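> generate coordinates for the sequence data below:
(2 chains)
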Amino acid sequence: MTNLVEISNLTIRFTGDRTIHAVNDLSLSLGEGEVLGLLGESGSGKSVTLRALMRLLPKKRAQISGSIAVLGQEVLAMDDETLSAFRGQTVSMIFQEPALALDPVYTIGRQIAETVMRHEGKSEREAVARALEMLEVVRIPSAKRRLDSYPHEMSGGMRQRAMIALALACKPKILLADEPTTALDATVQIQILLLLRELQREFGMSVIFVTHDIGVAIEICDRVAVMYAGQIVERGALRDIVRTPVHPYAKGLLASTIHGARRGERLGTIPGTPPSLDRAPSSCSFAPRCGLAQPRCSEGLPASVEIAPGHLARCVLAGPAMAAS
Amino acid sequence: MMTEANLPADMLEPVADVGGIAQPLLQVKGLTKHFPVRGGLFSPQKTVRAVDNLSFAVMKGETVGIVGESGCGKSTTARLLMHLMPRDGGDIVYDGMQVGRSLSLRELRRGMQMVFQDSYASLNPRLTIEESIAFGPKVHGMADGAARTLARELLGKVGLRPETFANRYPHEISGGQRQRVNIARALALSPRLVILDEAVSALDKSVEAQVLNLLADLKREFGLTYLFISHDLNVVRYISDRVLVMYLGEVVELGPVDAVWDAPAHPYTRALLAAMPSSVPDRRTEVPPISGDPPNPIDPPSGCRFHTRCPFAEPVCANDTPKLGDLDTMGHQAACYMAVPGSGHSRAPAKARGDDAA
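All right, here's what the predicted structure looks like:
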């Protein structure tokens, strides 16, 4: 299997009044037709990683080092012209808040058609036909009428469908999804998740799906990478991460989601709060909150250990024997 | 572990328990709130029927959950109960006392406090945390020094070291810590009922679990009653004894949590439960339980408000509004014609013998 995306040693820091080490030496790959979940809490660097992939971070304030290769091309080295051809056509993105991501002064149909004309050089008539086709693909009812709707005339779920239609209009190879269902109601969220799952298969896309919700990851991801303080602490097949998490943070995160916890029972928690990102980590970032911390945890950065094929954890306690237990 | 022994003696006296254990702490009857919305220049004025004829009771010491999607009126209900906005109709009775007649608004606010979703917006940015917590007790006549001592005591109760946090400002602490401060502030007036409006929804999962554990501890220690509003069914099931399911301003089902979860009677409740993401990788959801978005609460559908999305809707559902009816003797009720014997819906149970005579 060839890798569409190959991120190696990505480090991102934001400068300004204070320096924030948002992503620290992160390496990640995305295979063809694969749905990879980036799972983590706020401030873990998952959205920043996603934005870096499309070079959406503010140029002046973000220092990016390392390498991001998409289809063999180095994204960090692209000039503006290459970049604007790359965005939307090779990689496109859907966001949490479609009301903010869509342009309020153009109709939905206009926005989709413009993208198609810009990237594929189609005539306006062909582009509008594609826009209509895309609205039907994402199952917006009475699509023809909706072409002329403005974003504010649509409900939240409908707007999210429209944004998906816009993102997929040029049939990108890779779709980046930044918490696209978080702002939606439960009954709408599941509809959008199932739609994304279906479209991913139909279009043969690869997807990176950022979420903080394990339930959502379970519904859509093949592989999961758990992030903490700008690093991937554990990654592997979804099943392995859900059933046999190895890293104490991943374990804690799973224990603190209350799927089926009984009333009166205390919930498993992770004590303390996430670390400030003022300094680059020189040892395990999770050690101060970890119940199993040892002196060697604060001596150096633990290496990523392969516990089973494809299942890696960045913890001194991780060993090949652990997967069996 | 926290004990009652180290409570300062000078906490405000809680509002006295008047009615005894059998008297519900809160009774709501026919609560209604309609918001007018301006139409176009010549179009008629429309109304959002945010809360429509809502009735329920909260017993002393129990936790009642309210679930529903956005626009179903759950937050409006909370604000109406706190008297943060005037209601258009209905009665709110606190411990047997009619608010506005035998109980003043000032006394009600002592007995009933609220924690909001946005932990930052609900704290005054210019007050230190200690000042924010001490503010309420001072308004109710406590001396400054005593109120500050109480504030520090309460900070300890919610798991924040007073020496570290008392003099900080809201922007200097994390979201989870701020929500603990909001809880401490709500407790400063020794209320008996605390309304938690999406109080843990904005928190990260690991922090959410910490705050839920804290709420359970505080409930036991202070003998609190909670009204817990959330869109997260997992959280509501975990924390509540009884639950109300709301749809477009109306209660469609209510009852003990386990009864509602194990045998949901209203098709909306069933859809809501089926919409929860799976927790088992091999058992993913394959078919969405319902299609479409919740309709606009401006001019909601006639009859049963759910009939436009309901897979079992029949003509009777569009013509008449079903009332909440008992499903058992344990207080499980649903407002659906499929649960009412002899309602004319083809899926309704047959009328039991003897009903005709009654």
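> the residue in the stretch 201-350 of chain B that chain A sits nearest to - how many residues pack around it?
Proximity of the stretch 201-350 of chain B to chain A (Cβ to the nearest Cβ) peaks at residue B:277, 3.1 Å away. For the C-beta atoms, the positions are set from N, CA and C on the backbone; glycine is no exception. Neighbour count of residue B:277, defined by other Cβ atoms under 10 Å in any protein chain shown: 22.
> ranges for the strands of the chain?
I'll assume chain A. A:3-14, A:20-31, A:35-39, A:62-70, A:73-74, A:91-94, A:174-178, A:206-211, A:223-228, A:231-237, A:305-308, A:311-313 (DSSP state E).
> that's the wrong chain, I wanted chain B
For chain B, the strands defined by DSSP E cover B:26-37, B:46-58, B:63-67, B:89-94, B:97-98, B:112-115, B:193-197, B:225-229, B:242-247, B:250-256, B:325-326, B:333-334.
> ok, back up a step: quick one, which of the strands of chain A is nearest to residue B:11?
strand A:223-228 (39.9 Å; Cβ to Cβ).
> any regions of chain A where pLDDT drops low?
A:1, A:258-261, A:320-325 (pLDDT under 70).
> the residue of the stretch 101-250 of chain A found nearest chain B and residue B:284: what is the separation?
Residue nearest to chain B within the stretch 101-250 of chain A: residue A:215 (3.1 Å; Cβ to the nearest Cβ). Applying Cβ to Cβ, to the nearest Å, the value for residue A:215 to residue B:284 is 10 Å.
> overlap in contacts of those two?
Here residue A:215 and residue B:284 have residue B:278 as joint contacts, going by Cβ atoms under 8 Å, 6 or more residues apart in numbering or on different chains.
> who has more neighbours, these two?
More neighbours surround residue A:215 than the other of residue A:215 and residue B:284, with 18 against 14 (other Cβ under 10 Å).
> name the nearest residue to the more buried one, sequence neighbours excluded.
Nearest residue to residue A:215, sequence neighbours excluded (Cβ to Cβ, 6 or more residues apart in numbering or on different chains): residue B:277, at 3.1 Å.
> that neighbour touches residue B:285, doesn't it?
Yes. With contact defined as Cβ atoms under 8 Å, residue B:277 reaches residue B:285; the gap is 7.1 Å.
> in stretch B:329-348, what's buried?
The neighbour-count criterion (16 or more other Cβ atoms under 10 Å in any protein chain shown) identifies B:332-340, B:343, B:345, B:348 as the buried residues of stretch B:329-348.
> likewise stretch A:307-322?
Here stretch A:307-322 shows A:307, A:311-318, A:322 as buried, counting by 16+ other Cβ under 10 Å.
> which ones among those residues come in contact with chain B?
Among those, not one lies near chain B by Cβ under 8 Å from any Cβ of the partner chain.
> and which of the residues you listed is nearest residue A:197?
Among these, and counting by Cβ to Cβ, the member closest to residue A:197 is residue A:311, at 23.1 Å.
> where do the contact lists of residue B:277 and residue B:285 overlap?
Common neighbours of residue B:277 and residue B:285 (Cβ under 8 Å, 6+ apart) are A:190, A:193, A:219.
> redo the buried residues of stretch B:329-348 as TSV? Include pLDDT and distance to residue B:12.
Formatted as TSV, the buried residues of stretch B:329-348 follow (pLDDT from 0 to 100; distance: Cβ to Cβ, whole Å):
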residue	pLDDT	distance to residue B:12
B:332	95	38
B:333	95	37
B:334	95	41
B:335	94	40
B:336	93	45
B:337	93	49
B:338	92	49
B:339	88	45
B:340	84	47
B:343	83	51
B:345	89	53
B:348	86	52
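> farthest pair within those?
Counting by Cβ to Cβ, the most remote pair of the buried residues of stretch B:329-348 is B:332 and B:345, 18.8 Å apart.
> what does the stretch 51-200 of chain B put close to chain A?
Neighbours of chain A within the stretch 51-200 of chain B, by Cβ under 8 Å from any Cβ: B:69-70, B:174-177.
> and those, which is the shakiest by pLDDT?
Among these, residue B:70 carries the lowest pLDDT, at 83.
> show residues contacting stretch B:258-278.
Contacts made with stretch B:258-278 from outside it, assessed by Cβ under 8 Å, 6+ apart, are listed as A:186-187, A:189-190, A:193, A:213, A:215-216, A:218-219, B:67, B:69, B:233-234, B:237, B:243, B:245, B:247, B:252-254, B:284-285, B:288-290, B:306, B:309-312, B:327-328, B:330, B:332, B:334-336, B:338-339.
> and that stretch, how far from the chain's centre?
Counting by Cα atoms, centre = their mean, to the nearest Å, stretch B:258-278 is centred 18 Å from the centre of its parent chain.
> flag every buried residue along it.
B:259-260, B:264-278.
> got it, and stretch B:294-306?
B:294-295, B:297, B:300-301, B:303-306.
> and the residue in the stretch 1-150 of chain A positioned nearest to chain B, how many neighbours?
Residue nearest to chain B within the stretch 1-150 of chain A: residue A:41 (3.9 Å; Cβ to the nearest Cβ). Neighbourhood size, residue A:41 [other Cβ under 10 Å]: 20.
> might you report the residue contacts of the closest residue to residue B:222 other than its chain neighbours?
Leaving aside its sequence neighbours, residue B:222 sits nearest to residue B:187 (Cβ to Cβ, 6+ apart; 6.7 Å). Contact partners of residue B:187, counting by Cβ under 8 Å, 6+ apart, are B:113, B:154, B:157-158, B:194, B:218, B:222.
> also residue A:159?
Here residue A:159 is in contact with A:98-99, A:102, A:151 (criterion: Cβ under 8 Å, 6+ apart).
> and it, how far from residue A:146?
Distance of residue A:159 to residue A:146, given as Cβ to Cβ: 11 Å.
> which stretches of chain B form helices?
B:74-81, B:105-111, B:129-139, B:144-157, B:162-165, B:175-187, B:205-222, B:233-239, B:257-262, B:267-274, B:315-319 (DSSP state H).
> what does the last one contact?
Residues outside helix B:315-319 that contact it (Cβ under 8 Å, 6+ apart): B:301-304, B:307, B:310, B:337, B:343-345.
> tally of neighbours for residue 102?
Answering for chain A, as no chain was given. By other Cβ under 10 Å, 20 other residues sit near residue A:102.
> wait, chain B was what I had in mind.
13.
> so for it, what's the pLDDT?
86.
> swap in residue B:9?
At residue B:9, the pLDDT recorded in the model is 43.
> what of the one 5 residues further on?
Reported pLDDT at residue B:14 in the predicted model: 76.
> what about it, how many residues close to it?
Residue B:14: 14 surrounding residues under other Cβ under 10 Å.
> so who does it touch?
B:111, B:190-192.
> out of those, which is nearest to residue B:124?
Distances from residue B:124 to the contacts of residue B:14, taken by Cβ to Cβ, are shortest for residue B:191, at 19.5 Å.
> check contacts around the closest one.
B:14-15, B:110-113, B:224.
> filter those to the buried ones?
B:15, B:110-113, B:224.
> which of the buried residues of stretch B:294-306 come close to chain A?
residue B:294.
> distance to residue A:303 and pLDDT added to the buried residues of stretch B:294-306, as CSV?
Formatted as CSV, these follow (distance: Cβ to Cβ, whole Å; pLDDT from 0 to 100):
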residue, distance to residue A:303, pLDDT
B:294, 49, 83
B:295, 54, 82
B:297, 55, 82
B:300, 59, 85
B:301, 60, 88
B:303, 64, 91
B:304, 60, 93
B:305, 58, 92
B:306, 55, 93
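> of all the buried residues of stretch B:294-306, which two lie farthest apart?
Going by Cβ to Cβ, the pair spanning the buried residues of stretch B:294-306 furthest: B:294 and B:303, at 16.4 Å.
> what's the local residue count around the residue nearest to residue B:33 when sequence neighbours are not counted?
Excluding the flanking residues, the one nearest residue B:33 by Cβ to Cβ, 6+ apart is residue B:51, at 4.4 Å. Counted with other Cβ under 10 Å, the neighbours of residue B:51 add up to 30.
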